[in-house]
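[1] here is my input, please return the structure:
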Amino acid sequence: MGITFKIYKKFADAHDEWATILPENHHLICCDLLAIEDSHPSDIAFNYVSIFKDNELFGVMYLQHLSFSQKHFNKDLIQNRLLKIAAPILKNLKAHLLICGNLFRVNFQGFYFKDKNDRMDIFDCLNLYRQQTKSQVNYSGILVKDCKREFQPNNYDCFKFLPFRQDLTMEMHIQETWQNFDEYVAALSKKYRQRAIKIRKSLAEIERKYLSLDEIILYKNEINDLYRNVVNKQPLALGILGADYFIEMKKQLKDNFEVVAFMKNNQLLAFSGHIYYPLKKEMELHYIGFNYNANPLYNLYFNIIFDGIETAIVKKYKSLEMGRTAREAKASAGAKAVENFNYIWVKAGLPRLAMNFLSDRFEDKMGDEWQNRNPYKEVSVS
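    Predicted coordinates for the structure are as follows:
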């Protein structure tokens, strides 16, 4: 009978069925999916797909449907005299993108098969899903995001998917010997050590505190404004959140999610989200926001990074995931680039031209100077 699907629009409707094949505590049945759904991010719909082969459940797909438009990329990307012809097209661009995975996470593979040998079927399943839903949504592109392992070309070639190698995240290894932040600073070379000390001193007048759920709700509008400050500076922002996201994350993850506030005179100047994975001894610096006018006075951005490092050290975690943007700043703190295994299909014509253009411009904005950053002392070999 071949492959068939059951498509659910709500996490709660898929949960019990998915739990019959997913391992315990698997991320595809964890409550943070409910937090994302309940926060109702703009321009995104969710599809929870059960995959059957000969009427037997053998896999699942977590799909996000993004209605992409000019609001998702910075206008500076197309501010170029040579792009006067392309600019009106890009400004009016509207496309439906299907993401197998999670735009709001890293290391979050969006599919699972009961038998690991079936994992290459994901491309067949997505192609079939696109064909079966074409009468409702005509997708311009499909992104298979954050695959745990690399696929062989013969797995995806026949479905016209290509590797997408421009997605790097910055991750920092936390040395076991570091007992506190001072020991991390001591491991830096003189230039970076002096810089770190100066940056930390600039926060002397700022109060740092963890916000309770009630306080996140109280500061909801300020959090949203500070977050949008950062989003509006990004070349590309495929997933745009609202303040309700941070509220729902705190409700669902409880102690494994924190909003760290940086305040002066009861005014919120910056915040950062922390996600903790205690079983894996890992931490994620997860979405931030800050006041750009106050940033030069208090080095808010760099202090958010240092605060994340200190938290990871204190909690004795092994690694700190810092995300995709501002590679140079994160490399200067000791993070290294990690390549994610992504695969993409884009419809021929204008969608493919637009995708290639925006990707190239995004990489130009990111630059490559970050690759030369090494803040640590050189270790002599005897």
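[2] show me how the chain divides into domains.
    Domain assignment for the chain by automatic domain parsing gives 3-167+340-347, 170-338.
[3] could the ones you listed go into JSON lines alongside distance to E378, mean neighbour count and mean pLDDT?
    All C-beta atoms are positioned from the backbone trio N, CA, C, and that covers glycine. JSON lines is the format used below for the domains of the chain (distance: least, C-beta to C-beta, whole Å; neighbours: other C-beta atoms under 10 Å; pLDDT from 0 to 100):
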{"stretch": "domain 3-167+340-347", "distance to E378": "30", "mean neighbour count": "17", "mean pLDDT": "88"}
{"stretch": "domain 170-338", "distance to E378": "7", "mean neighbour count": "18", "mean pLDDT": "94"}
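[4] work out the gap between stretch 32-52 and the centre of the chain.
    15 Å (C-alpha atoms, centre = their mean, to the nearest Å).
[5] ditto for stretch 113-133
    The answer for stretch 113-133 is 23 Å, by C-alpha atoms, centre = their mean.
[6] what of stretch 321-339?
    For stretch 321-339, the distance to the chain centre is 13 Å (C-alpha atoms, centre = their mean).
[7] what's in contact with it?
    106-107, 165, 167-173, 184, 188, 192, 234, 282-286, 301-302, 305-306, 308-309, 320, 366-367, 369-371, 373, 375-376 (C-beta atoms under 8 Å, 6 or more residues apart in numbering).
[8] ok, stretch 6-19 next?
    Outside stretch 6-19, the residues that reach it (C-beta under 8 Å, 6+ apart) are 28-29, 33-34, 37, 45-50, 52, 57, 60.
[9] just the ones of the residues you listed in helices?
    Using DSSP state H, the subset of those located in helices is 33-34, 37.
[10] distance to D16 for those residues - can I get that in a markdown table?
    Putting the ones in helices among the contacts of stretch 6-19 into a markdown table (distance: C-beta to C-beta, whole Å) gives the following:
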| residue | distance to D16 |
| --- | --- |
| L33 | 14 |
| L34 | 13 |
| E37 | 16 |
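[11] so of the contacts of stretch 321-339, which ones are in helices?
    184, 192, 301-302, 305-306, 308-309, 366.
[12] picking up where we left off before, of all the contacts of stretch 6-19, which comes closest to N340?
    L28 (17.4 Å; C-beta to C-beta).
[13] isn't that closest one right up against N102?
    No. Contact criterion C-beta atoms under 8 Å: L28 and N102 do not qualify, at 9.5 Å.
[14] shared neighbours of those two, anything?
    62, 110.
[15] mind listing the helices for the stretch 101-250 of the chain?
    Using DSSP state H, counting those that start in this stretch, the helices found in the stretch 101-250 of the chain span residues 122-132, 153-156, 181-186, 190-201, 213-218, 220-231, 243-253.
[16] the first one packs against which elements?
    Using 3 or more C-beta pairs under 8 Å, 6 or more residues apart in numbering; DSSP states H and E as the contact definition, the elements that helix 122-132 packs against are strand 3-8, strand 44-53, strand 56-69, strand 94-100, strand 111-113, strand 141-147, strand 341-346.
[17] over to the fifth one?
    Helix 213-218 sits against helix 243-253, with contacts defined as 3+ C-beta pairs under 8 Å, 6+ apart.
[18] CA atoms of the helix it packs on as CSV?
    Included here for helix 243-253 are C-alpha records, laid out as CSV according to Å, rounded to 0.1, in the frame of the first residue of the first chain:
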residue,chain,number,x,y,z
ALA,A,243,6.8,38.1,24.0
ASP,A,244,4.2,35.3,24.6
TYR,A,245,6.9,32.8,23.5
PHE,A,246,9.1,33.6,26.6
ILE,A,247,6.0,33.3,28.8
GLU,A,248,5.0,29.9,27.3
MET,A,249,8.6,28.6,27.5
LYS,A,250,8.8,29.4,31.2
LYS,A,251,5.4,27.8,31.8
GLN,A,252,6.4,24.6,30.0
LEU,A,253,10.1,24.2,30.8
